[in-house]
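Participant: Next input, structure requested:
(one chain, ligands or ions: 1)
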Amino acid sequence: MISCPVCRSDAVLLGATEPDGEVDEDGSLLPGLTFVGAAFECDACGLQLNDYDELVIAGVDPVIDRSSELDRWYAQMYEDWAYEEWRERESRACQNNAPEAA
Ligand SMILES: [Zn+2]
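Facilitator: Numbers count the residues shown, from 1 in each chain. The predicted structure is shown next:
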């Protein structure tokens, strides 16, 4: 949640969260997580922004550092992946058990 630059209400920033990393002086990787906004919607005043440049012009900072949420984000990704795996296995099992066509 971010606040609308026009009316200060809570508004929605849509975008993608992606892992990234920085290499510090001694060459070790510092894992990071960055959210990059691509669209903005405010229900309260109807403000809509549809790309990164518009966000910047309107005074919405589209890049949010979410590095502190990295562990949670990875856990979520893993859960999604595990769930997909499980679903795939289940659907394959169903196909195998299906009665053969006469
Ligand atoms: Zn607004």
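Participant: the helices in this structure, which residues?
Facilitator: 52-58, 70-97 (DSSP state H).
Participant: Generate JSON lines for those, with distance to Ala11 as supplementary columns.
Facilitator: For every residue, glycine as well, the C-beta is placed using N, CA and C. Compiled in JSON lines, the helices of the chain are given as follows (distance: least, C-beta to C-beta, whole Å):
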{"stretch": "helix 52-58", "distance to Ala11": "11"}
{"stretch": "helix 70-97", "distance to Ala11": "22"}
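Participant: Tell me which of these sits most buried.
Facilitator: Stretch with highest mean neighbour count among the helices of the chain: helix 52-58 (a mean of 15; mean count of other C-beta atoms under 10 Å).
Participant: That helix - contacts with which helices or strands?
Facilitator: Here helix 52-58 touches strand 29-41, going by 3 or more C-beta pairs under 8 Å, 6 or more residues apart in numbering; DSSP states H and E.
Participant: I'd like the average pLDDT over the strand it packs on.
Facilitator: Over the span of strand 29-41, the pLDDT mean works out to 92.
Participant: repeat for stretch 9-22
Facilitator: Average pLDDT, stretch 9-22: 91.
Participant: what does that stretch contact?
Facilitator: Contact with stretch 9-22 is made by 1-4, 29-45, 47, 55, 60, 62, 64, 66, 70, 73-74, as judged by C-beta atoms under 8 Å, 6 or more residues apart in numbering.
Participant: can you pull the buried residues of it?
Facilitator: 11, 13, 15 (16 or more other C-beta atoms under 10 Å).
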